[in-house]
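In: one predicted model, sequence on top.
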Amino acid sequence: MLFTSFKQTRDNVRDNFSTTFSGVITTTISVSILGVFILIYLNLIHLSQTFFQQSHYSIFLSSQIKDSDKAELGERLSGIWGIKDIHWTSSEQARDDLLAGFSEAKEILEKIDFSKLPNIVEFSLNRVNALSAKELNDINKIDGVEEVFWGRETKDQINLFFDLTNFVGYFLIGMLLVSIFIIIRNTIYLSVQIRIEEIKILNNIGATKRFIKFPYVLEGILISFTGYFIAIGVIYLLYQFIIAGITYDETTYQIRGIVRFFDWFQLLSGLVVIFILGVISSFYATDKVINRLEL
Amino acid sequence: MSIESHISFNGIEKKYLRKEPLFRDLSLSIKQKEFVFLTGISGSGKSTFFKLIMGLEMPDKGSVCFNGETVNLIPPRQMPYHRRGIGIVFQDLKLLQKKTAYENIILPLLIRGVSKKQIQSGVKRVSKRLSIEPILKQPVQALSGGEQQLVAIARATISVPRIILADEPTANLDQAMAHKILETFNNLNANGATVIIATHDVGLIKAYQKRVLLIKDQNIIDVE
Ligand SMILES: Nc1ncnc2c1ncn2[C@@H]1O[C@H](COP(=O)(O)OP(=O)(O)OP(=O)(O)O)[C@@H](O)[C@H]1O
Ligand SMILES: [Mg+2]
């Protein structure tokens, strides 16, 4: 049955080539727009995770740190690219801050020995990468440096930006999926339409609806797959072209290391989605015509 | 309805929209392995009679039984399996014009999902019987009326059906060919198939001493 259906599908496409062809082209265009949008979106997310993030560092210093070491540390820090808001807090300062925070219980706290409170240097780092191993090592090497803690966070503005693109994105993705559905459905619809006589004959001599429908569903899958693979090719070329265009010097060349194309999993997911779309839309189209024939 | 009867019409009334009824309280039965001619003037309902057996038309009253099954009660999902049991030559042939004779002939086997080997031997058998080997590769639209008729007969008989309905199967054929076709049906009948042939051709009917059914006055009667 599968072989028979393939032959029938081939005949359908051959007899009705211009329709099938335009179906493939429009599917390609839709998938391309959809793919480009998703690719840009994925890269924006990815970029935001690197570019639009801040690292926060806290260096704990020993309470006996020498002034000369402190000065060396200060010098080192100011030499780090992207460093911002260096803030020194001595143990005395830390103690005063703490006491101010506990207004009522102050008296009890005052009896405690605060000499154990560390000196701290805090700073932010505003750049793609966190401190490198070498930079960290240079800091750790200095006498009196006890420990370095750090964390990262995404800037607030970028979250707002993503809320917005999410909204626009879902809308656009929805619209494009619907349009792909309609394109395939209409193509198959035409294909079935010009074969109504054949379909009636097949029905008259005892073909099941499934047998009749299958070649058209195959055609739907063929159109969606062909459109998908061409579109992926188009997007890939576009991607390479754009990357080549925006990475023209040493600084921008870094972008190559950060942006990326779809990975295999994403490509496969897309294929599954387009497969389902091809099946559903062609099934829908054939069903509509065949049910009207009241076979 | 006797167990023997293969096809039975019980109190059938059939009327197309905005037309006089074709059949009124029609009852008849055809036994297994019978060879029957069905005749009547144009528009008397010969083709409609076949369509009722095929389940392509439904009676307005009464029931059509085929192999103990009531055709007008077969659910749509089961209908294809009912039709497969019948080899039919349509009056308008109903061939796929763009496909080759070969592709048309094998359709009944394809829809059954029969193996390639069986298809091959089936084509060999029917094309030899009807001497149509030379035209197998040609598209139907390139064939003469008579050749198309033979292709339709080949398609109707390739699945070795236990019943053959042939609607004017000799309409496009010369006398010699017509007799050859009738001989073929006769042989199939001898091998156990029920055969019903609708025809206008009185000469043909006379040449074979078989049961003759005549459609007359919205009924079907046996004539000698
Ligand atoms: N689908 C239909 N809708 C309406 N009327 C129909 C339909 N099919 C047949 N008829 C009418 O029913 C009558 C019988 O048609 P049918 O084809 O059964 O006759 P027939 O005996 O086969 O004629 P012929 O010898 O010309 O083939 C005709 O008057 C025809 O116009
Ligand atoms: Mg007729």
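Out: Nice, thanks for sending it over. Ligands and ions are numbered 1, 2, ... in the order given.
In: so how many other residues sit close to B:Ala101?
Out: For B:Ala101, the number of neighbouring residues by other Cβ atoms under 10 Å in any protein chain shown comes to 28. Quick note: C-beta positions are derived from backbone N, CA and C, even for glycine.
In: name the element the residue of chain B found nearest ligand 2 belongs to?
Out: In chain B, the residue that lies nearest ligand 2 is B:Ser47 (3.2 Å; Cβ to the ion). Per DSSP states H and E, B:Ser47 falls inside helix B:46-54.
In: show me which residues of the stretch 151-295 of chain A sit near chain B.
Out: For the stretch 151-295 of chain A, the residues in contact with chain B (Cβ under 8 Å from any Cβ of the partner chain) are A:198, A:200-209, A:211, A:295.
In: where's the dip in pLDDT among those?
Out: In terms of pLDDT, the weakest of those is A:Leu295, which scores 71.
In: can you say which of the residues of the stretch 151-295 of chain A next to chain B are also within reach of ligand 1?
Out: Near ligand 1, taking Cβ under 6 Å from any ligand atom as the test, no member of these is found.
In: average pLDDT for the helix holding B:Ser47, rounded please.
Out: 97.
In: can I get that helix in CSV, CA atoms only?
Out: These are the backbone C-alpha positions of helix B:46-54, laid out as CSV (Å, rounded to 0.1, in the frame of the first residue of the first chain):
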residue,chain,number,x,y,z
LYS,B,46,-30.8,-1.5,-15.6
SER,B,47,-27.9,0.5,-14.3
THR,B,48,-29.9,1.5,-11.3
PHE,B,49,-30.5,-2.2,-10.6
PHE,B,50,-26.7,-2.8,-10.5
LYS,B,51,-26.2,0.3,-8.3
LEU,B,52,-28.6,-1.0,-5.8
ILE,B,53,-26.6,-4.2,-5.5
MET,B,54,-23.3,-2.3,-5.2
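In: most centrally placed residue in chain B?
Out: Nearest to the mean C-alpha position of chain B, by Cα atoms, centre = their mean, lies B:Leu165 at 1.7 Å.
In: how about the contacts made by that residue?
Out: Listed by Cβ atoms under 8 Å, 6 or more residues apart in numbering or on different chains, the contact set of B:Leu165 reads B:50, B:53-54, B:86-89, B:156, B:196, B:198.
In: any chance of these in JSON lines, with neighbour count and distance to ligand 1 too?
Out: Shown next, in JSON lines, are the contacts of B:Leu165 (neighbours: other Cβ atoms under 10 Å in any protein chain shown; distance: Cβ to the nearest ligand atom, whole Å):
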{"residue": "B:Phe50", "neighbour count": "22", "distance to ligand 1": "8"}
{"residue": "B:Ile53", "neighbour count": "22", "distance to ligand 1": "12"}
{"residue": "B:Met54", "neighbour count": "21", "distance to ligand 1": "12"}
{"residue": "B:Ile86", "neighbour count": "24", "distance to ligand 1": "17"}
{"residue": "B:Gly87", "neighbour count": "23", "distance to ligand 1": "18"}
{"residue": "B:Ile88", "neighbour count": "26", "distance to ligand 1": "13"}
{"residue": "B:Val89", "neighbour count": "26", "distance to ligand 1": "13"}
{"residue": "B:Ala156", "neighbour count": "25", "distance to ligand 1": "17"}
{"residue": "B:Ile196", "neighbour count": "26", "distance to ligand 1": "13"}
{"residue": "B:Ala198", "neighbour count": "25", "distance to ligand 1": "7"}
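In: sort out for me which of the residues you listed are in strands.
Out: Those of the contacts of B:Leu165 mapping onto strands are B:86-89, B:196, B:198, per DSSP state E.
In: dump those into CSV; add pLDDT as well.
Out: Formatted as CSV, the ones in strands among the contacts of B:Leu165 follow (pLDDT from 0 to 100):
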residue, pLDDT
B:Ile86, 96
B:Gly87, 96
B:Ile88, 97
B:Val89, 97
B:Ile196, 97
B:Ala198, 97
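In: so which bits of chain B are right by ligand 2?
Out: Within chain B, the positions near ligand 2 by Cβ under 5 Å from the ion are B:46-47, B:91.
In: most neighbours among those residues, please name it.
Out: Comparing the residues of chain B next to ligand 2 by number of neighbours (other Cβ under 10 Å), B:Lys46 comes first, having 25 neighbours.
In: next, the contact list for the nearest residue to it once chain neighbours are set aside, please.
Out: Of all residues beyond its chain neighbours, the one nearest B:Lys46 is B:Ala198 (4.1 Å), with distances taken as Cβ to Cβ, 6 or more residues apart in numbering or on different chains. For B:Ala198, the contact set (Cβ under 8 Å, 6+ apart) comprises B:37-39, B:46-47, B:49-50, B:91, B:165-168.
In: so how far is B:Ile220 from B:Ala198?
Out: As judged by Cβ to Cβ, to the nearest Å, B:Ala198 and B:Ile220 stand 12 Å apart.
In: list residues touching both of the two?
Out: B:38, B:49.
In: who are the packing partners of the helix or strand hosting A:Ile33?
Out: Taking DSSP H and E as the definition, A:Ile33 sits inside helix A:17-50. When contacts are defined as 3 or more Cβ pairs under 8 Å, 6 or more residues apart in numbering or on different chains; DSSP states H and E, helix A:17-50 packs onto helix A:156-193, helix A:209-246, helix A:250-258, helix A:264-293.
In: mean pLDDT for those helices: which is lowest?
Out: Ranked by mean pLDDT, those bottom out at helix A:250-258, with a mean of 76.
In: return the distance of it from the chain's centre.
Out: Centre-to-centre, helix A:250-258 and its host chain are 19 Å apart (Cα atoms, centre = their mean, to the nearest Å).
In: now do it against helix A:209-246: the angle between them, please.
Out: Between helix A:250-258 and helix A:209-246, the angle comes out at 160 degrees (axes from the mean of the first three to the mean of the last three Cα atoms, to 10 degrees).
In: which non-adjacent residue is nearest B:Gly145?
Out: Spatial nearest neighbour of B:Gly145, chain neighbours left out: B:Asn172 (3.8 Å); criterion: Cβ to Cβ, 6+ apart.
In: just to be sure, the one you found is in a helix?
Out: No - counting by DSSP: H, G, I helix; E, B strand; the rest coil, B:Asn172 is not part of a helix but coil.
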